[in-house]
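Novice: pasting the structure only:
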């Protein structure tokens, strides 16, 4: 019963380094969403991808952040030259094309700490 | 900008009590999901409501979607310590696309 998998669960980076977060969707799911959660805040949408396509990146900062979902392998959220404000929990969710009601299933998250 | 307001923000009750938490918006959503999140974990989907006036029950949890599809409530009967967690509502448009999340209600049930 493989749910959405994310790794690493915890990631520590120094300012200026790169962070790469990985997400494997549930089996049979072809849609991936990335959200960011700050302390005492709700989840904020970042980007929506299907295999090899970015569908909606309206929630992603225009600089330093990028995402991909290649034909083979996990989805990757990449943050270049991290700053302290990037410290947050990053969640990946997946859904199936057959979903009628936009039900999304979340992974356990990656907690990024920038020193 | 679509917003979902959840209330109360915090709720601390004794085991056995009943409670209701609310999720309100000025916007219409085609679907609304309720999630529960525990510390250090991702949100877990509890239920999806899609029809105005719809009521769904999940054991001691009762979910209602407002007639106008702008608001929802979650009622828990005879709360237990295992119900402790952050309850999040999220609104969706259509069958795909991003969800809009409220900030959540942090529930603590004391034995």
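Specialist: Arrived safely, thanks for sending. Just so we're clear, the structure is a prediction, and the values are computed from it rather than from any experiment. Numbers count the residues shown, from 1 in each chain, chains lettered A, B, ... in the order given.

Novice: for the helix or strand containing residue A:21, which positions count as buried?
Specialist: Assigned by DSSP states H and E, residue A:21 belongs to strand A:19-24. By neighbour count with 16 or more other CB atoms under 10 Å in any protein chain shown, strand A:19-24 contains the buried residues A:19, A:21-24. Quick note: C-beta positions are derived from backbone N, CA and C, even for glycine.

Novice: got a list of contacts for that strand?
Specialist: A:4-8, A:11, A:13, A:32, A:34, A:74-79, A:82, A:86, A:90, A:92, A:94, A:107, A:110, A:112 (CB atoms under 8 Å, 6 or more residues apart in numbering or on different chains).

Novice: Measure how far it is from the centre of its chain, please.
Specialist: From the chain centre to the centre of strand A:19-24 is a distance of 7 Å (CA atoms, centre = their mean, to the nearest Å).

Novice: right, is stretch A:78-90 up against chain B?
Specialist: No - using CB under 8 Å from any CB of the partner chain, stretch A:78-90 never reaches chain B; the gap is at least 8.6 Å.

Novice: just to revisit the earlier point, looking at the buried residues of strand A:19-24, spot the one nearest residue B:4.
Specialist: residue A:23 (24.3 Å; CB to CB).

Novice: Just give the nearest non-adjacent residue to the closest one, would you?
Specialist: residue A:92 (3.4 Å; CB to CB, 6 or more residues apart in numbering or on different chains).

Novice: who does the helix or strand hosting the one you found touch, helix- and strand-wise?
Specialist: Here residue A:92 sits within strand A:88-95, counting by DSSP H and E. Where contact means 3 or more CB pairs under 8 Å, 6 or more residues apart in numbering or on different chains; DSSP states H and E, strand A:88-95 is packed against strand A:19-24, strand A:31-37, strand A:75-79, strand A:105-106, strand A:110-114.
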